[in-house]
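Novice: I'd like to go over a predicted model; first the sequence, then the structure.
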8 protein chains.
Amino acid sequence: MNGDWDLTPDVSRKQRLGFDETIFCASKTPDQINRLLEMALEAEEPLLLTRLDREKILALSSELSGHLDYDEVSHTAILGRVPIPEDTPRVAIVSGGSSDVRVAREAARTLQYYRVGVREIYDVGIAGLWRLLEHVDELRDMRIVITVAGMEGTLPSVVAGLVPGLVIAVPVATGYGVAANGITALNSALASCAPGLVVVNVDNGYGAGCAALRMLNVMQRHSLHG
Amino acid sequence: MNGDWDLTPDVSRKQRLGFDETIFCASKTPDQINRLLEMALEAEEPLLLTRLDREKILALSSELSGHLDYDEVSHTAILGRVPIPEDTPRVAIVSGGSSDVRVAREAARTLQYYRVGVREIYDVGIAGLWRLLEHVDELRDMRIVITVAGMEGTLPSVVAGLVPGLVIAVPVATGYGVAANGITALNSALASCAPGLVVVNVDNGYGAGCAALRMLNVMQRHSLHG
Amino acid sequence: MNGDWDLTPDVSRKQRLGFDETIFCASKTPDQINRLLEMALEAEEPLLLTRLDREKILALSSELSGHLDYDEVSHTAILGRVPIPEDTPRVAIVSGGSSDVRVAREAARTLQYYRVGVREIYDVGIAGLWRLLEHVDELRDMRIVITVAGMEGTLPSVVAGLVPGLVIAVPVATGYGVAANGITALNSALASCAPGLVVVNVDNGYGAGCAALRMLNVMQRHSLHG
Amino acid sequence: MNGDWDLTPDVSRKQRLGFDETIFCASKTPDQINRLLEMALEAEEPLLLTRLDREKILALSSELSGHLDYDEVSHTAILGRVPIPEDTPRVAIVSGGSSDVRVAREAARTLQYYRVGVREIYDVGIAGLWRLLEHVDELRDMRIVITVAGMEGTLPSVVAGLVPGLVIAVPVATGYGVAANGITALNSALASCAPGLVVVNVDNGYGAGCAALRMLNVMQRHSLHG
Amino acid sequence: MNGDWDLTPDVSRKQRLGFDETIFCASKTPDQINRLLEMALEAEEPLLLTRLDREKILALSSELSGHLDYDEVSHTAILGRVPIPEDTPRVAIVSGGSSDVRVAREAARTLQYYRVGVREIYDVGIAGLWRLLEHVDELRDMRIVITVAGMEGTLPSVVAGLVPGLVIAVPVATGYGVAANGITALNSALASCAPGLVVVNVDNGYGAGCAALRMLNVMQRHSLHG
Amino acid sequence: MNGDWDLTPDVSRKQRLGFDETIFCASKTPDQINRLLEMALEAEEPLLLTRLDREKILALSSELSGHLDYDEVSHTAILGRVPIPEDTPRVAIVSGGSSDVRVAREAARTLQYYRVGVREIYDVGIAGLWRLLEHVDELRDMRIVITVAGMEGTLPSVVAGLVPGLVIAVPVATGYGVAANGITALNSALASCAPGLVVVNVDNGYGAGCAALRMLNVMQRHSLHG
Amino acid sequence: MNGDWDLTPDVSRKQRLGFDETIFCASKTPDQINRLLEMALEAEEPLLLTRLDREKILALSSELSGHLDYDEVSHTAILGRVPIPEDTPRVAIVSGGSSDVRVAREAARTLQYYRVGVREIYDVGIAGLWRLLEHVDELRDMRIVITVAGMEGTLPSVVAGLVPGLVIAVPVATGYGVAANGITALNSALASCAPGLVVVNVDNGYGAGCAALRMLNVMQRHSLHG
Amino acid sequence: MNGDWDLTPDVSRKQRLGFDETIFCASKTPDQINRLLEMALEAEEPLLLTRLDREKILALSSELSGHLDYDEVSHTAILGRVPIPEDTPRVAIVSGGSSDVRVAREAARTLQYYRVGVREIYDVGIAGLWRLLEHVDELRDMRIVITVAGMEGTLPSVVAGLVPGLVIAVPVATGYGVAANGITALNSALASCAPGLVVVNVDNGYGAGCAALRMLNVMQRHSLHG
């Protein structure tokens, strides 16, 4: 009886929503992940894994983990041929401090898995505003800007006041005191006076990537009649 | 010195972000609103006003308020010719209980102001799931679905699991006990297991409308090259 | 004086409430648990132990722990002959993600200890709603449905809108950001628009099992006169 | 466009869940309630209305409100012939202070609407424990005990330790300081060391009534085979 | 015994801290305020009153209130000759939306009471960043910049990254949803990545003014030896 | 400069408040504790140490720790001759579950240090109320009853409704979900409907002991004139 | 059925706990209070009423309210001959700002009802510390000091560090921003570094008075043997 | 792709704000810190590092860490010649308990890095008020007093009522129960009744140092004209 429940993946997700089920490894045992990798290898299907930390990847069957392209920063892995993104980036990912990068990269890897071109602009926190302002023209050309920010979470509001595309805020659980769990950055984005800023859960780089995909997929489908 | 500060509207917003500054009336005195209406009438520019409740509209100069198209449900007003929306709706607005309608209508009026066609589907709460399932095909054709929900806020998660377009959740401050201020509905949407759901502040129908506009504007600009 | 307090179990609980005192191991030292096991073995009484994690079971006297039937997933142990449940399940336990199983199993083992037949249906999260809808008829026949859900906790509300039996929600502390400690799932269940949904504490699979037992015991006693 | 949305009641609720849709008046305008009353009168169907405060009942069409049996304490109204409850009570409702009665009565009226016999025992707060202990034998005979308590919410835990039936806690938003919004009473019930206590939202007397109905309906259906 | 307690003002505050005791009217009855005004008039001493709303000033003895210079926006009053501020402003007060002005003006009036020159720059919210950037040179010359911001509270962090003087953040209780009580703006300022930003309580314009005074007084005393 | 700050104990505390300064070890390094022990040994003064966990006592100089009487359950140590308590207990300490004992014992040891006779009654939680009721007569004779309770914290309210002496509630950080950090037990005690119940911080057994001492010292001083 | 529940006062409270049941009027209707007053008048028993605001006393039967000694500041009323307190105060009540007086007076009136001599020292807030220090000698002679403080709640900690008697903190819901609901003052008292400070709920002057009574009653009973 | 992002320090910070960018090590990997140290050594520029705990300094390249002056208490390091502070202190740092020293020292080291003379006065908690009062004259001569306090955070309010200079409160995350994460100390400082007290984030000694620097820099620039 111990732990061998049937895993019933959401097989129709691709056709329903436009993207595959992704393996959120934080809540799975190595055994469960091993089994999911085997199923995917057998079916010759690619797979994205998130929240796969170093201890857990070492606990996987090495035969299976050898098939993974692992990104240490974002704790993501891709099974199968790593897709080559399109040439021109349609999404920018912007972040402030060094601890935001792990979340920013989770969004980037999610989009890379679907071949979307991404422009990553890190270390442009608001404390030195000139660093962001140098990139405004570039950002104004993007369809989507994903802003990743911990601490007080100023970056999304400033960006959303400067660029016309869809701006998605990803709060980050970084800092200390009132900033410790990311709720301050979250609430700051939600309460933003910049109109039309949308928000996902704290640390949810994957969710921001999926939201961008939803929009890009819609654009693809409706590209002829806008 | 009493209260006559210069009002310096964000005049370049249209060209920067693609939409006009909107008057958030909840934090303005009738005098301030009168002045802004005069400025807009002189410049022969349309104007959207939100959170204009019944007491405040009665406190405006009747000469000015006579120019307003007022919607009692959403507490919004439009100055100038009320735009006629396009024929085919590109955005659906879905809500559950009767107290969500005031917020849903705020989003609808915001989009109407920019001539966007909107399909409003109200009273389809999850407690009677069949009511929502009857609309799934229609919702799958929309570019954007704005889901408006108070109480436990189940609706956005269910919709985001069923349709491929961009799904925006607007939590509503309704109910009592743990639901009273909308934070439960907010957190429910943020924590959703449905991938790519994005969220705005509690009661922020206007913000959801603006996010939809950002996406539709991008689609317009990029309609030829996907 | 160090740690050897008299343990005075609630000996009349069985006759008062209809079920035995259970050992909640999270707040007990291995020595205390050893003593309780000895007392039960001497009295030739069965015993249910909950929240007995792996480190703690290894710290018990191996002579005593050898008498335990241990379930790794739910961290429960049964002392004495493991009861064989009745043939026809009267309670269903439904859960969404893989991290909910440890809590769902705690409820299942609690009921199994009292020989109640349980139908376990896992991995039917709302993000792929079709998985739940396939089981609706089966669920409608149950006297009680225990729904176990972390993240945004949508599952209990949806189930309670579909089935007529008593529906008990067990929120789970899983996920991250606003979902981290299970309070979002808890509040979502409490604020549910589905009428008559009842709730227990976060992660309290044991409590949900006991509530089900209370109802089944009442039914047993009153089975002749409804 | 102002406020005349179609109302689409959950018509299959009776057959799906075993009870009618009830009108939660707190989030409805008098016009909306008037329309719902008209629809019910035409269909010659009974109707339960909750959270109908004095101002709102006075704002209804007096022709329609004349058909209502109104209970000032619980702010509930029943349209149609008021049901006569069964002789022997199967549910007890127990509360402590005088401000809990409005919520206790909401549960009582919900059950009365479905003809369930209810035993109401009020003013038996824990500060004078003897008052509750005098009723223990009576309470032990009930299928269900609904405990209604504000302040620190001790009552549900004490009752659940004394009686074998299903015990439902309804926290009440009464008191001041840390007790003001009912969350202390809610958390106290959720964290109870008494096994199998189940909980509904703050002030949700209606929800507790519905949970009791779910259990009684199951008993009715399964009365022959326990 | 009813309400006539002796009032014992903190008479040595001026010499200890460098400023007078101020009357915080929100927690005082009109009678108490009347008595304090009489005492000040008799002693021929000036007095600053804060949080004196319109109802309360009308409830004062009109003979006494006739001596007050009242500012409707900030709800402050000055008894005695209104001081003429110095020519060159040493403190700037910067705010975003229209609802921040009442708090900004409380700080301004506090400083005016002590003859400090103040430069008020309102309506320069971050959603239209160009409005603030136009004032950067002016702000860099100030000894102190008081930033007043509600909603998400971005303004203080941006200003503190641009100017070298002491920057004091005053969060404002404005907006709705997560912004409603000013805690989001407060936490945003506290968690700021801009170094050396200091913060006062929500809506505490008076406190920000006093902090500025502490610094200016120190500068006065130590002006010869820096 | 590394860590060798002068320690300036509050030397007049005994004469001012009636009890010695106690060493709260949780926030001190082993070096700091070593120094304080040396100072006390030199001065031939007794000393009470709290929150001294096992790792830390092992990190002390063994020469110094050899002088300590250590209680593993409460993590307290007494330097010097362990006082023999008076014969007749004047304070009772009552607790529910097994995880409350560590806090109950901290109170007991604090009182023992001052020779106060203590009656310890553990494992009398409310879920089996009869266990407490058996002790009511004994408790009614006590000057002070310290109630120690985690989870939902019912015990203090029930005791305070049964006995006339001073009742002090010590909430305990035990349990899970809404009970995890002791705030539910704390708020339950603060909101108690039993009149005159007083409360100390979560887990603060030492504080409860000191409050009892304050009262006993006053009684000693005033024993002749009531 | 409307609102005429039997009122079953806790008749044995006097003999059990040493004081009468008191009428907490905030949660009672005028009718309920009228009936309780009639019962007390008939029985020729005195009665203390708390939280009886001006509107409610005007809504009572004037014949009954004419028997009340009403205190406008504390919203308390005494039915029957107002007791004359003993000559020498045994309890001091100390408070800071003017808005604390309503709570301080509730404690004072509670004690007065039982003839306890009280020394009231108001307006001695910490911002002007000299005002408190002037009273230290007087306070050191008291058996009990009740400290009443809103805002940041510093007063209880400072007093508890200066006097040896039992110190009871009553937090007050005054101020704004983080101080608005009294929780900051409450937590400040609970977390105090001054040993043996005990705390009651926000605004609970009555509870502080009862705690003092418990201690004084014990002293009375045990005055001969300390 | 793994983790080698360009680091783009805020190079104009010195000239814009008057102080260097500091390396907040808590969110950086050893590799990132190594690279920043190399860059600074090459450029022959000094550098301040904060939140560099013992494990992390051991994980640095020993060649590089050999250049650091490390303070174990505050977890700060200075690269380059350690500055010799000016003779006469202009800033005092005052703290209460032993666990506040780590934060107090972070402020001290920040100021030392800029050669500011600092007077450190530790272990003067409010529980023994005489210890603080002995230093009042000295503190009144300081331009700035940084108060560092955990637990209930009384110290800042008391100091701000006694001295005329700028008083900055740094709350500390110490203690347990309601004090555990420093929010009680934070709110206590924000709600202070002492006028003009300013606050920084919990544990933010560095921020308090920077705020002091802002003020001292302004004084330097404006020393001739007050």
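Specialist: Here it is on my side, so go on.
Novice: use CA for all of it now, contacts and neighbours both
Specialist: Fine.
Novice: which residues sit against the lengthiest helix in chain A?
Specialist: The longest helix of chain A (DSSP state H) is helix A:205-221. Contact partners of helix A:205-221, identified using Cα atoms under 8 Å, 6 or more residues apart in numbering or on different chains, comprise A:17-18, A:50, A:91, A:103-108, A:110-111, A:144, A:146, A:168-170, A:200-201, A:226, B:143, B:164-166, B:195-198, B:215, B:219, B:223, B:226.
Novice: Filter the residues you listed down to the ones in helices?
Specialist: Per DSSP H, the subset of the contacts of helix A:205-221 in helices is A:17, A:103-108, A:110-111, B:215, B:219.
Novice: what's next to the helix-or-strand element of chain A with minimal mean pLDDT, contact-wise?
Specialist: Sorting the helices and strands of chain A by mean pLDDT, DSSP states H and E puts helix A:13-17 at the bottom, at a mean of 90. Outside of helix A:13-17, the residues within contact range by Cα under 8 Å, 6+ apart are A:19-21, A:214, B:161-165, C:128.
Novice: now with 10 Å?
Specialist: A:19-21, A:210, A:213-214, A:217, B:140, B:160-166, B:194-196, C:127-128 (Cα atoms under 10 Å, 6 or more residues apart in numbering or on different chains).
Novice: How far away from the center of its chain is that helix?
Specialist: 19 Å (Cα atoms, centre = their mean, to the nearest Å).
Novice: Count residues in the vicinity of the residue in chain A that chain C sits nearest to, would you?
Specialist: Closest to chain C within chain A is A:Val202: 4.6 Å, counting by Cα to the nearest Cα. Number of residues near A:Val202 (other Cα atoms under 10 Å in any protein chain shown) recorded here: 29.
Novice: what sits against it?
Specialist: A:103, A:148-150, A:169-174, A:181-186, B:190-191, C:176-179.
Novice: ditto for A:Gly97
Specialist: A:122-126, A:148-151, A:174, E:193, H:7, H:24, H:27-28.
Novice: Going along the chain, name the strands of chain A.
Specialist: A:23-24, A:47-50, A:68-71, A:76-79, A:91-95, A:118-121, A:144-149, A:166-171, A:198-199 (DSSP state E).
Novice: partners of the second one, with directions?
Specialist: Listed by DSSP bridges, the sheet partners of strand A:47-50 and their directions read strand A:23-24 (parallel), strand A:76-79 (antiparallel).
Novice: Now find how far off-centre stretch A:41-51 is within its chain.
Specialist: Counting by Cα atoms, centre = their mean, stretch A:41-51 comes out at 17 Å from the chain centroid.
Novice: How about the residues of chain A by chain H?
Specialist: A:70-74, A:97-102, A:105, A:120-125, A:127-131, A:174-180 (Cα under 10 Å from any Cα of the partner chain).
Novice: what about chain A, any weak spots by pLDDT?
Specialist: A:1-7, A:224-226 (pLDDT under 70).
Novice: middle-most residue in it, spatially?
Specialist: Geometric centre of chain A, nearest residue: A:Ala107, 1.9 Å, by Cα atoms, centre = their mean.
Novice: The closest residue in space to that one that isn't next to it in sequence: neighbouring residues, count only.
Specialist: Excluding the flanking residues, the one nearest A:Ala107 by Cα to Cα, 6 or more residues apart in numbering or on different chains is A:Gly205, at 4.3 Å. A:Gly205 has 30 neighbours, counted by other Cα under 10 Å.
Novice: go on, A:Asp100?
Specialist: 25.
Novice: isn't it right up against A:Gly182?
Specialist: No. Using Cα atoms under 10 Å as the test, A:Asp100 is too far from A:Gly182 to be in contact (11.1 Å).
Novice: Please enumerate the shared neighbours of those two.
Specialist: Counting by Cα under 10 Å, 6+ apart, the residues touching both A:Asp100 and A:Gly182 are A:149-151, A:170-174, A:203.
Novice: Between the residues you listed, identify the one with the most neighbours.
Specialist: Result: A:Pro171 is most packed of the shared contacts of A:Asp100 and A:Gly182 (other Cα under 10 Å), 35 neighbours.
Novice: Next, count neighbours for A:Tyr176.
Specialist: Using other Cα under 10 Å: A:Tyr176 sits among 18 other residues.
Novice: contacting residues for it?
Specialist: So A:Tyr176 contacts A:151, A:182, E:191, H:26, H:173, H:181, H:201-204 (Cα under 10 Å, 6+ apart).
Novice: what's the closest of these to D:Gly66?
Specialist: Of all the contacts of A:Tyr176, D:Gly66 sits closest to A:Gly182, with 54.3 Å by Cα to Cα.
Novice: ok, A:Pro30 - contacts?
Specialist: Taking Cα under 10 Å, 6+ apart, one finds A:36, A:52, A:55-61 in contact with A:Pro30.
Novice: Quick one: buried ones out of the residues you listed?
Specialist: A:36, A:52, A:57, A:60 (16 or more other Cα atoms under 10 Å in any protein chain shown).
Novice: Now A:Arg143: closest residue in space that isn't a chain neighbour?
Specialist: Sequence neighbours aside, A:Gly165 is the residue nearest to A:Arg143 in space, at 5.1 Å (criterion: Cα to Cα, 6+ apart).
Novice: Likewise for A:Pro85?
Specialist: The shortest distance from A:Pro85 to any residue other than its chain neighbours is 4.0 Å, reached at A:Arg115 (Cα to Cα, 6+ apart).
Novice: Can you report how many residues lie near the one you found?
Specialist: A:Arg115, neighbours per other Cα under 10 Å, totals 15.
Novice: quick one, phi psi at it?
Specialist: The phi and psi values for A:Arg115, taken as degrees, to the nearest 10, are phi 70, psi 10.
Novice: Look up how far chain F lies from the residue of chain A found nearest chain G.
Specialist: Residue of chain A nearest chain G, by Cα to the nearest Cα: A:Val178 (13.3 Å). Distance, A:Val178 to chain F, by Cα to the nearest Cα, to the nearest Å: 18 Å.
Novice: Return the residues in contact with that residue.
Specialist: A:151-152, A:184-185, E:186-191, H:181-183, H:186, H:201-202.
Novice: try A:Leu129
Specialist: Contacts of A:Leu129 (Cα under 10 Å, 6+ apart): A:155, A:158, E:158-159, E:161-162, H:10.
Novice: now with 8 Å?
Specialist: A:Leu129 neighbours (Cα under 8 Å, 6+ apart): E:158, E:161-162.
Novice: from the residues you listed, which would you call buried?
Specialist: Looks like the contacts of A:Leu129 have E:158, E:161-162 buried, using 16+ other Cα under 10 Å.
Novice: neighbours around A:Met39, how many?
Specialist: 12.
Novice: For it, give its distance to A:Ala77.
Specialist: According to Cα to Cα, to the nearest Å, A:Met39 stands 16 Å off from A:Ala77.
Novice: Identify the residue nearest A:Asn204 in space, chain neighbours excluded?
Specialist: Nearest to A:Asn204 is A:Val170, by Cα to Cα, 6+ apart, at 6.3 Å.
Novice: can you tell me how far that neighbour sits from G:Thr184?
Specialist: Distance, A:Val170 to G:Thr184, using Cα to Cα: 31 Å.
Novice: With A:Leu47 instead?
Specialist: Applying Cα to Cα to A:Leu47 and G:Thr184 gives a distance of 50 Å.
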